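Chemist: predicted model and sequence follow; I will ask about them next.
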Amino acid sequence: MTRRRLRILTWHVHGNYLYNLTQVPHDFYLATDAARSMHHSGRSGTLPWGPNVHEAPVEALRDMAFDVVLFQSRHEWDDAQHRLLSEAQRRLPRVYIEHDPPQVHPTDTRHWVDDPDVLLVHVTPFNALMWDSGATPTRVIEHGIQPLQPARYSGHIERGVVVVNNLQSRGRRLGLDVYREVASRVPLTLYGMGSHAVGGDGEVVNDRLPGVMAAHRFFFNPIRWTSLGLAIIEAMMVGLPIVGLATTELVTVIRNGENGFVDTRLEPLVDAMQRLLAEPELARELGAAARRTAEERFGIERFVSDWLDALASVAH
């Protein structure tokens, strides 16, 4: 069946996710303002945006033709659509991507998109399980990765690598205390926006990050409560073994002693990291298995196929 090419209005919320999403062969229009403000930055950064990614000035949105409106944050759902879109545009097929698990209560939070005419897409099965999605139809589309760099694991830097943005301000949920405790016992390098505030090495641009990670011995994820971070999958794609907390979706991805280590106790995780530092061949073996896991579960072809099906289901 030949699918018609769709014109999809969305916002630049999570850059790497958006880049992977735009591998879907439709046209994506990014709401953009003159200030390039949050969620309105358009084709920004160092990502190699394709010719199917366009900028849509917010002042012109009402006069533009779209087939689907794709929301990625509550602000756009609650506020921006009512200010920026016409009544007819607000009746277009709508999709909402929920990138996170509930933040207020883990099991009893009703999602704000409570509308049987909207498709709510969860990015992990764990998120779908934890949200109360009400009357809104849902489906899960797990992450897919289009590698930004043909990097391969070397592990020659005898340190673990951690990638978290704004760890200082996001605190316990993203594991600030966990990171500090582990870093006092294991050599770690922290990258991410705002990481200098906690002794990290700052941000690495998107297309350089795979190569930077690949030089480290293992990837450590200190985050207690989040979705399955793209940085974890990107690390797996280049062949790093993963060490992390046995919470949220990560427990379905990492198998102890096979492609990494997960636990809810820090002591076994510290022991595992010290073992990976002492046994580089073990690290390489587990990292190769992690890469196989990522390629099998998070390949871009499956992701694109899932999104083609989802968009076809709403835009007949």
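Modeler: That came through, no problem.

Chemist: so who does the residue lying closest to residue 148 once chain neighbours are set aside touch?
Modeler: By the measure of CB to CB, 6 or more residues apart in numbering, the closest residue to residue 148 outside its immediate chain neighbours is residue 207, 4.5 Å from it. (C-beta placed from N, C-alpha, C; glycine too.) Residue 207 makes contact with 46-48, 148-149 under the criterion CB atoms under 8 Å, 6 or more residues apart in numbering.

Chemist: what do you get for residue 103?
Modeler: Residue 103 makes contacts with residue 109, as judged by CB under 8 Å, 6+ apart.

Chemist: report the separation between it and residue 197.
Modeler: Per CB to CB, to the nearest Å, residue 103 is found 22 Å from residue 197.

Chemist: hmm, back to that, among the contacts of residue 207, who's most crowded?
Modeler: residue 148 (21 neighbours; other CB atoms under 10 Å).

Chemist: buried set for the helix or strand of the chain with the lowest mean pLDDT?
Modeler: Lowest on mean pLDDT, DSSP states H and E among the helices and strands of the chain sits helix 167-170, with a mean of 94. Buried residues in helix 167-170, counted by 16 or more other CB atoms under 10 Å: residue 167.

Chemist: could you do stretch 190-201 as well?
Modeler: When burial is assessed from 16+ other CB under 10 Å, stretch 190-201 yields the following buried residues: 190-192, 194-195, 198, 200.

Chemist: try stretch 26-41
Modeler: Neighbour-count burial for stretch 26-41 flags 26-32, 39-41 (criterion: 16+ other CB under 10 Å).

Chemist: dump it to PDB, restricted to CA.
Modeler: C-alpha atoms of stretch 26-41 as PDB (Å, rounded to 0.1, in the frame of the first residue of the first chain):
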ATOM      1  CA  HIS A  26       7.100  12.400   6.000                       C
ATOM      2  CA  ASP A  27       7.600  16.200   6.100                       C
ATOM      3  CA  PHE A  28       8.100  17.700   9.500                       C
ATOM      4  CA  TYR A  29       7.400  21.300  10.300                       C
ATOM      5  CA  LEU A  30       9.000  22.700  13.400                       C
ATOM      6  CA  ALA A  31       7.300  25.600  15.100                       C
ATOM      7  CA  THR A  32       9.900  28.300  15.300                       C
ATOM      8  CA  ASP A  33      10.000  31.800  16.800                       C
ATOM      9  CA  ALA A  34      12.400  34.700  16.200                       C
ATOM     10  CA  ALA A  35      14.100  34.200  19.600                       C
ATOM     11  CA  ARG A  36      14.700  30.500  19.000                       C
ATOM     12  CA  SER A  37      13.200  30.000  22.400                       C
ATOM     13  CA  MET A  38      12.700  26.700  24.200                       C
ATOM     14  CA  HIS A  39      10.800  24.200  22.000                       C
ATOM     15  CA  HIS A  40      10.900  26.800  19.200                       C
ATOM     16  CA  SER A  41      14.500  26.500  18.000                       C
END
